[in-house]
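Novice: 3D, please:
(2 chains)
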Number of protein chains: 2
Amino acid sequence: MGLELYLDLLSQPCRSIYIFARSNNIPFEFKHVELFKDSVLGKKPAAGSGAEQPRAGPSNSEGAGKVSLLKKVPALKDGDFTLAECTAILLYLSRKYNTPDHWYPSDIEKRAQVDEYLSWHHANIRANAPKTMWIKPVGVGCDIFEDRPRLMEWRRRVEDAVGKELFFQAHEMILSIKELSNIQIDPQLKEQLAPVLLKMLK
Amino acid sequence: MGLELYLDLLSQPCRSIYIFARSNNIPFEFKHVELFKDSVLGKKPAAGSGAEQPRAGPSNSEGAGKVSLLKKVPALKDGDFTLAECTAILLYLSRKYNTPDHWYPSDIEKRAQVDEYLSWHHANIRANAPKTMWIKPVGVGCDIFEDRPRLMEWRRRVEDAVGKELFFQAHEMILSIKELSNIQIDPQLKEQLAPVLLKMLK
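Specialist: Numbers count the residues shown, from 1 in each chain, chains lettered A, B, ... in the order given. You can find the predicted model right below:
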């Protein structure tokens, strides 16, 4: 049994692992977990609405619960070994697959700076994720890049670094979330939320 | 110029670095930063109260601001190299001083489990630190170990692992905080806070 990654690409830590693994041609079985299923923006699909899965293939939500003691994604399973926590998974993959030095430099000071950033990001950007998560503004139809040249510039840099194709693969779900048929956002809620979210982003 | 560590032993991440460095006989210059000076429990010492520094030696609070771009402790300075974030500092020290394998095992799976714990701790135990921090209950005179056998057992395990002497060195300030003459806690506030904090700990 090879490497299995339990991911939901609506989650930023999951996307970072997906991009890292694909960029480095690490072979893995994509186990799709539906972290936000039926609960995006607090709305459940109506019974019998014929909601489709957001991606082809069965959900592995229960499997992820078994894999990760912490019962959350991302989770890794490699034979009998299981691992949670995004940073730990990225570092494990970089060591096991001996990824190019620029990802996690062997130079002790450069490596420390990567550790510093990962740690800072984890407790700062991620801790404030509910405010900055794409999914909410995108879910109610806001274009978060419009009139934000610095944000757009950052997106361009990321696309250049990982490649447009991989960038879109990783963000396909999140960018098309408002069209996903199984996420039914109450039009009234949508109307109420849009200005609040736009204000939050300013 | 050798290794400098900017620490305030009232802070848990600082104590972990202090204990790690001392346990491994890593030579460093202790730069004492007064993170909570005059602001513990929101009270400032009265003007002209003759408040003493909590520890001998000058404060290096300004120095820490220069060392760490993030302007917080712990911070490390090693020649021209500076570093913030507790986890990054611990890993840097383990690599630079080649500490025994049990601290950060070379076995890829065991190492991943250490990374997993550090990451989980950072975003969970630490994120809830205001609730669990010793300083507040201890500051108002609560014995947090009384009638808590599991907590006491944990403390015994830590003392055994790092040695009683080092444990007390690292926790000396925090355990004697209510006696520190420069931290003046309003008796009324103390009376109000004690039952709240005790309830929080239950």
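
Novice: Helices along chain A, start to end?
Specialist: In chain A, the helices defined using DSSP state H lie at A:12-23, A:61-67, A:86-96, A:108-123, A:129-132, A:135-139, A:149-162, A:164-175, A:187-201.

Novice: Show me which residues of the first one are buried.
Specialist: Within helix A:12-23, the residues scored as buried using 16 or more other C-beta atoms under 10 Å in any protein chain shown are A:Gln12, A:Pro13, A:Cys14, A:Arg15, A:Ser16, A:Ile17, A:Tyr18, A:Ile19, A:Phe20, A:Ala21, A:Arg22. Placement of C-beta: from N, CA and C, glycine included.

Novice: Give the rounded mean pLDDT of that helix.
Specialist: The average pLDDT within helix A:12-23 is 95.

Novice: Give me the contacts around that helix.
Specialist: A:5, A:7-9, A:26, A:28, A:30, A:35, A:73-74, A:86, A:89-90, A:93-94, A:99, A:103, A:126, A:129, A:133, A:162-163, A:166-167, A:169-171, A:174 (C-beta atoms under 8 Å, 6 or more residues apart in numbering or on different chains).

Novice: repeat for the longest one
Specialist: Residues from elsewhere that reach helix A:108-123 (C-beta under 8 Å, 6+ apart): A:86-87, A:90, A:104-105, B:70, B:81, B:83-89, B:91-92, B:95-96, B:119, B:122-123, B:126-127.

Novice: Of the contacts of helix A:12-23, keep whichever come out buried.
Specialist: Buried among the contacts of helix A:12-23 by 16+ other C-beta under 10 Å: A:5, A:7-9, A:26, A:28, A:35, A:73-74, A:86, A:89-90, A:93-94, A:99, A:126, A:133, A:162, A:167, A:169-171, A:174.

Novice: Residue numbers of chain A in contact with chain B?
Specialist: Residues of chain A found near chain B (C-beta under 8 Å from any C-beta of the partner chain) are A:70, A:81, A:83-89, A:91-92, A:95-96, A:108-109, A:111-113, A:115-116, A:118-120, A:122-123, A:126-127.

Novice: what ranges of chain A fall below the confidence cut-off?
Specialist: Applying pLDDT under 70 to chain A picks out residues A:35-71, A:126-140, A:177-202.

Novice: before we move on, the earlier item: of the residues of chain A next to chain B, select the buried ones using a ChimeraX command.
Specialist: Entered in ChimeraX, the line below selects the buried ones among those, by 16+ other C-beta under 10 Å:
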select /A:83,84,85,86,87,88,89,91,92,96,111,112,113,115,116,118,119,120,122,123,126
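
Novice: surely A:Phe145 meets A:Arg155?
Specialist: Yes. When contacts are counted by C-beta atoms under 8 Å, A:Phe145 is listed as touching A:Arg155 (6.4 Å).

Novice: What count of nearby residues applies to A:Pro100?
Specialist: Using other C-beta atoms under 10 Å in any protein chain shown, A:Pro100 is surrounded by 10 other residues.

Novice: Let me see the contact set for A:Leu83.
Specialist: With C-beta under 8 Å, 6+ apart, A:Leu83 has these contacts: A:Ser68, A:Ala75, A:Leu76, A:Lys77, A:Ile89, A:Tyr92, B:Ala112, B:Gln113, B:Glu116.

Novice: what's the nearest residue to the fourth one if we skip its chain neighbours?
Specialist: Just to be clear, that refers to A:Lys77. Excluding its sequence neighbours, the residue lying closest to A:Lys77 (C-beta to C-beta, 6 or more residues apart in numbering or on different chains) is A:Glu4, at 4.3 Å.

Novice: repeat for the third one
Specialist: Among residues not flanking A:Leu76 along the chain, A:Leu83 sits closest, at 4.4 Å (C-beta to C-beta, 6+ apart).

Novice: What separation is there between that neighbour and A:Ala21?
Specialist: Note on A:Leu83: its distance to A:Ala21, by C-beta to C-beta, to the nearest Å, is 13 Å.

Novice: And the contacts of A:Leu83, which is closest to A:Leu151?
Specialist: Closest to A:Leu151 out of the contacts of A:Leu83 is A:Ile89 (26.8 Å), distances taken as C-beta to C-beta.

Novice: need the contact list for the closest one.
Specialist: Per C-beta under 8 Å, 6+ apart, neighbours of A:Ile89: A:Leu5, A:Ile17, A:Pro74, A:Ala75, A:Leu76, A:Leu83, B:Ala112.
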